[in-house]
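>>> sequence and computational prediction follow.
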Amino acid sequence: MSSHQEDQNTISTKRSHSFLTAIKSVFATIGVISVVLFVIFVGIISISIYSFSSGIKTFSSSMGGASSSAKTGLTFTTPNTSSPYIAGIRLYGEITPENSALVIEKLETARDDKHVVGILFDVNSPGGSVVPSQEIYDTIKEITKVKPVVTYVREVAASGAYYSSASSSKIIANRGSIIGSIGVIMNGFEADKLIQFLKINPFVIKTGALKDTGSPTRPMNEKDKQYLQELIEETRMQFVDDVKQGRKTSDATMKFMSDGRVVLGPQALNLKLIDIIGTKQTAISELVTLAKVKITPDVFYYDDIQSFSELFAQKFAGSTNNIIRDSFSENFKNTKLQNKIPKAEY
């Protein structure tokens, strides 16, 4: 009897094990299918957004009196008007070869548009790459020969941003605006000790002692430092010379600013780095005076045309950021740290 009962228990155990194995297999299969379907769904949505974006992009650019990018070939809006107007062009954020090329394209478009009486150059930038800053400077310099260009510094016009603006007809800044940072900086790092720790043996075959200057695979010697210092000093002198030419500043001012410092609006005015302390409306009024028009025309900004996918990504990122920020703020309010951390606001 006991042997028979043991056999039945064994059979029952095997059946239970088989049943559990089958259940696991079913759930595993469902999981795999769910993942595959989700990936396919996301892929379809992405393709749909990408396909639809070009149509939305063209449609959106034709709204509100702006000319269509399909007709003009531009990636920004321009007004569909026969009346005189002021072209607003923004220089926001870090200056890179990509965004500077778009800024220059906008400047040249405004220059060639017979309805544009002048350009409002709206700046809020900490600077950026050397050559793009010089290219914007040169473009504005040429445009001022035929049309006035007035720069309005919203918050910051530092380093390359100030360089870009220095050839404007006039520079207007708020009293709290940050101006200056006339200088050049070069960053790098040495990773030779880390490479040695990882037992990696890099090799370099070069035709000159300075060919691999700045390479992180070896420590920088005094000859390298002297070479790079001379290089950025020459770049700084180009900066200084162009600012002096564009702003008619004194040698004393450039010497004072040569350590890379920034100053606020009132001091910038005293140093003749700017022309007037005021608001955007002040800049517009100065532009109207320089353009010699009796009635102040409308200001039309050449805004970038964003595709539907870009707008969707921005909205999604913004919503996610707000959720995280609000959640953090709510939790932070419940702690005593809030009263212990100093906070400065203006």
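Okay, I see it.
>>> OK, contacts around Ser279?
Quick fix: residue 279 reads Thr, not Ser. 172, 174 (Cβ atoms under 8 Å, 6 or more residues apart in numbering). Bear in mind the C-beta positions are built from the backbone N, C-alpha and C, glycine included.
>>> which pLDDT value goes with it?
Thr279 carries a pLDDT score of 97 in this model.
>>> what about the nearest residue to Tyr301 once chain neighbours are set aside, distance to Val150?
Closest residue to Tyr301 apart from its sequence neighbours, by Cβ to Cβ, 6 or more residues apart in numbering: Gly88 at 3.7 Å. Plainly put, Gly88 is 11 Å away from Val150 if you go by Cβ to Cβ, to the nearest Å.
>>> with Ile33 instead?
Ile33 sits at a distance of 63 Å from Val150 (criterion: Cβ to Cβ).
>>> quick one: which of these two has more around it?
Neighbours per residue, other Cβ atoms under 10 Å: of Ile33 and Val150, the larger number sits with Val150, 29 against 10.
>>> now the more buried one, what's its secondary structure?
Under the three-state scheme (DSSP: H, G, I helix; E, B strand; the rest coil), Val150 adopts strand.
>>> also the one 4 residues further on?
Arg154 carries the three-state label strand when classified by three-state DSSP.
>>> now Ala157: closest residue in space, sequence neighbours ignored.
Ala157's closest residue in space is Val123 (Cβ to Cβ, 6+ apart), at 4.8 Å.
>>> sorry, back to before: need the overlap of contacts for Gly88 and Val150.
By Cβ under 8 Å, 6+ apart, the residues touching both Gly88 and Val150 are 119-120.
>>> skip ahead from the helix or strand hosting Ser164 and say which helix or strand is next.
Following DSSP states H and E, one finds Ser164 within helix 160-165. For helix 160-165, the following helix or strand on the C-terminal side (DSSP H and E) is strand 170-173.
>>> what's that next one in contact with?
By Cβ under 8 Å, 6+ apart, strand 170-173 touches 148, 150-153, 157, 165, 179, 247, 265, 268-269, 273-280, 282-283, 286, 290.
>>> now those: which count as buried?
Using 16 or more other Cβ atoms under 10 Å as the burial test, the contacts of strand 170-173 include 148, 150-153, 157, 165, 179, 247, 265, 268-269, 273-278, 280, 282-283, 286, 290 as buried.
>>> any residues touching stretch 293-300, and which ones?
Residues from elsewhere that reach stretch 293-300, judged by Cβ under 8 Å, 6+ apart: 78-79, 81, 83-88, 117, 120, 284-285, 288.
>>> for the closest residue to Met257 other than its chain neighbours, the count of nearby residues, please.
Nearest residue to Met257, sequence neighbours excluded (Cβ to Cβ, 6+ apart): Ile182, at 4.8 Å. With neighbours defined by other Cβ under 10 Å, the count for Ile182 comes to 25.
>>> how close does Ile182 get to Leu120?
For Ile182 relative to Leu120 (Cβ to Cβ), the value is 24 Å.
>>> do Thr207 as well
50 Å.
>>> so for those two, which residue has more residues nearby?
A side-by-side neighbour count of Thr207 and Leu120, using other Cβ under 10 Å, places Leu120 first with 24 against 5.
>>> which pLDDT value belongs to the closest residue to that one other than its chain neighbours?
Once flanking residues are discounted, Leu120 sits nearest to Gly88: 4.7 Å by Cβ to Cβ, 6+ apart. Gly88 carries a pLDDT value of 97.
>>> from what I can see Met186 touches Glu233, true?
No: judged on Cβ atoms under 8 Å, Met186 makes no contact with Glu233 at a distance of 10.8 Å.
>>> Val123: neighbouring residues, count only.
Neighbourhood size, Val123 [other Cβ under 10 Å]: 24.
>>> show the contacting residues for it.
Val123 touches 90-92, 151-154, 156-157, 161, 164-165, counting by Cβ under 8 Å, 6+ apart.
>>> lowest-confidence one in those residues?
In terms of pLDDT, Arg154 ranks lowest among the contacts of Val123, with 91.
>>> the contacts of stretch 293-300, buried ones only, as a PyMOL selection?
To isolate the buried members of the contacts of stretch 293-300 in PyMOL, using 16+ other Cβ under 10 Å:
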select buried, resi 78+79+84+85+86+87+88+117+120+284+285+288
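>>> could the contacts of stretch 293-300 go into CSV alongside secondary structure?
Shown next, in CSV, are the contacts of stretch 293-300 (three-state DSSP):
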residue, secondary structure
Thr78, coil
Pro79, strand
Thr81, coil
Ser83, coil
Pro84, coil
Tyr85, strand
Ile86, strand
Ala87, strand
Gly88, strand
Val117, strand
Leu120, strand
Ile284, helix
Ser285, helix
Val288, helix
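>>> show me which pair in the contacts of stretch 293-300 is furthest apart.
With distances taken as Cβ to Cβ, the most widely separated pair in the contacts of stretch 293-300 is Thr78 and Ser285, at 23.7 Å.
>>> secondary structure element holding Phe300?
Using DSSP H and E, Phe300 falls in strand 298-301.
>>> partner strands of that strand, with direction?
Strand pairing for strand 298-301, using DSSP bridges, gives strand 85-92 (parallel).
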